[in-house]
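[1] my questions concern the predicted model and sequence given below.
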Amino acid sequence: MKFFKAVFFLLLVFAAVTVRAQSSDELKRRKAQLNKELEQLNEDYQETLNNKKASLKQLSILKAQINLRQEKIENINSEVRNLDNQISESNNNVRSLQSQLDQLKKEYAAMILFAYRNQSAYNKMMFLFASKDFNQAYKRLKYLQQFGTYRERQANYIQGTQKELHVKINELDRTKDEKNNLLKDQQKEKETLGNERTNQVKLVSDLSQHEGILKKQQKDLQAKIVKTNRAINDAIRREIEEARRRAEEEERRRAEEAARLAAAKAKAENKPAPAAPAPVKPAATRSTSSVLNATPEAARLSNDFLGNRGSLPWPVANGIVTQGFGIYTTPEGIRSESNGLDIRTNSGSAVRAIFDGTVVKVMDVSGTYLVVIVHGEYFTAYSNLRSVSVARGQKVSTKQAIGVVATDPSTGETEAHFEIYKGATPVNPKIWLAPN
């Protein structure tokens, strides 16, 4: 029973170490990705500085840098916590090995003392001859042989434990050095974050000197966002209404067919004609989900879309999120809300469908295009496109190019806006897309 408990304990320890290692690897991978994104944003920001113009693009880049910098600091905090756990575990291992080593040395010293006192051949012979019978003499002879072997094994145990202790101490020192380096990196990132926030405040102050231009840009941008949201909502609502109409027609067709068959059967059997079928229940009383999943194809698309949650491809091949999903406050103190993601990408980048579906909307919104695609009960919306290569009613496949992202001529920004809806409800795209 003790053996099985020991095996179970070792398996638990191995699983914990494996999970921790995976977590540590993931944190390091994410930190490397954050460093890459921050370097790209810094290059973009330096480019705007060289133009000697304070612009909304600078402000947008600074905001994205601050968000990524904060995420990197949180990432470092998680790494430090992992290392603290490793240091604590290593300290426990060192103490345990040191205790084992002390006990082994103590036992070995006792054996050496015993061997010294009984080292003469005479004493060994007397020990054997003092046996009561042959069986006892044989056991004493085996004992003397096993004692010598055990003493050698104890010496090997001591050497092995000393080596393991040395390895653990070196491992502990390396972990402490890694933690110190992380803490230095964290301090550096906090200082950089402070500088970026100072630059943000200064830039807002500089932009406020051009309040008229800034307000006009913000007003135009807000108007475009409102118009885009209205177009997306109209497209989704129209698609839901169309799905309800199709569902009602299908129910009515089935009811009429059932009534026709019942009448034909009654006539063949010389029975009275059956009563008229009850009126079809309006599809408006059914849930949006059941209406959008009324056909086998739509239900399959919905299940496949849901099954790929967390692994769907990004709408652009390369990009950095500059504004996330949900309510946020601008540096000017304006409270706003985003139904999706603003993704900065390279000029001329293709925008791609993230899943199989059918295009239900293509529309020009203030000089750029909007595309809405239905995937069963889910919808995806892609806006701020310079051009499109699909049409309403066209079926598209995963990663198929549907257009090219637009570049703002006044700021030089190339950003695509992307949204996901379940029915008419917007959901956070970041939890649906694969890790970037």
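    Structure received.

[2] SS state for Ala391?
    coil (DSSP: H, G, I helix; E, B strand; the rest coil).

[3] what's the neighbour count on it?
    9 (other C-beta atoms under 10 Å). No exception for glycine: its C-beta is placed from N, CA and C like everyone else's.

[4] contact partners for it?
    Neighbour list for Ala391: 359, 362 [criterion: C-beta atoms under 8 Å, 6 or more residues apart in numbering].

[5] list phi and psi for it.
    Dihedral pair for Ala391: phi -130, psi 160, per degrees, to the nearest 10.

[6] one more: Asp84?
    According to degrees, to the nearest 10, Asp84 has phi -60, psi -40.

[7] quick check, it in contact with Lys179.
    Yes. Asp84 is in contact with Lys179 according to C-beta atoms under 8 Å; the separation is 7.3 Å.

[8] looking only at neighbour counts, state which of these two leads.
    Lys179 (17 against 12).

[9] does the more buried one lie in a helix or a strand, and which?
    For Lys179, the host element (DSSP states H and E) is helix 134-208.

[10] mean confidence score for that helix?
    Helix 134-208 carries an average pLDDT of 70.

[11] ok, stretch 341-359 next?
    Computed over stretch 341-359, the mean pLDDT rounds to 93.

[12] quote the end-to-end distance of that stretch.
    End-to-end span of stretch 341-359 (C-alpha to C-alpha, to the nearest Å): 20 Å.

[13] buried residues in that stretch?
    Buried residues in stretch 341-359, counting neighbours by 16 or more other C-beta atoms under 10 Å, are found at 341-345, 349-359.

[14] so which two of these are the farthest from each other?
    Arg344 and Thr358 (28.7 Å; C-beta to C-beta).

[15] domains of this protein?
    Split into domains by automatic domain parsing, the chain comes to 9-209, 308-431.

[16] where in the stretch 1-150 of the chain is pLDDT low?
    The model of the stretch 1-150 of the chain has pLDDT under 70 over residues 1-23, 27, 30-59, 62, 94, 97, 101, 104, 107-134, 136-150.

[17] average model confidence for the longest strand along the chain?
    What stands out as the longest strand in the chain, according to DSSP state E, is strand 378-388. Strand 378-388 carries an average pLDDT of 95.

[18] in it, what's buried?
    378-386, 388.

[19] for it, packing partners?
    In terms of contacts (3 or more C-beta pairs under 8 Å, 6 or more residues apart in numbering; DSSP states H and E), strand 378-388 is packed against helix 211-268, helix 296-307, strand 357-365, strand 368-375, strand 401-405, strand 415-422.

[20] comparing the ones you listed by mean pLDDT, which bottoms out?
    Ranked by mean pLDDT, the helices and strands packed on strand 378-388 end with helix 211-268 at the bottom, a mean of 76.

[21] list the helices and strands it packs on?
    For helix 211-268, the elements it packs on are helix 288-292, strand 357-365, strand 368-375, strand 378-388, strand 415-422, judged by 3+ C-beta pairs under 8 Å, 6+ apart.

[22] tell me the strands beside the fourth one, with direction?
    Looking at strand 378-388 with DSSP bridges, its partner strands are strand 368-375 (antiparallel), strand 401-405 (antiparallel), strand 415-422 (antiparallel).

[23] contact partners of the following helix or strand past that strand?
    Following strand 378-388 in sequence order, the next helix or strand is strand 395-396 (DSSP H and E). The contact list for strand 395-396, computed with C-beta under 8 Å, 6+ apart, reads 353, 356-359, 373, 390, 402.

[24] one more time with 6 Å, if that's ok
    353, 357-358 (C-beta atoms under 6 Å, 6 or more residues apart in numbering).

[25] cool, and stretch 337-352?
    Under the criterion C-beta under 6 Å, 6+ apart, external residues in contact with stretch 337-352 comprise 315-316, 319-323, 325, 327, 382, 385, 399, 401-405, 407, 414-419, 426, 429.

[26] what's the angle between the helix or strand where Leu341 lies and strand 415-422?
    In this structure, Leu341 sits in strand 340-344 according to DSSP H and E. With axes from the mean of the first three to the mean of the last three C-alpha atoms, to 10 degrees defining the directions, strand 340-344 sits at 160 degrees from strand 415-422.

[27] run me through the strand neighbours of strand 340-344, direction for each.
    In the sheet, strand 340-344 lines up with strand 320-323 (antiparallel), strand 415-422 (antiparallel) (DSSP bridges).

[28] for Gln200, which of those strands is the nearest?
    Each of those has some distance to Gln200 by C-beta to C-beta; the shortest is strand 320-323, at 13.7 Å.

[29] average pLDDT for the closest one, rounded please.
    So the average pLDDT for strand 320-323 ends up being 86.

[30] so what touches it?
    Residues contacting strand 320-323 (C-beta under 6 Å, 6+ apart): 37, 60, 64, 338, 341-344.

[31] so which bits of it are buried?
    320-323.
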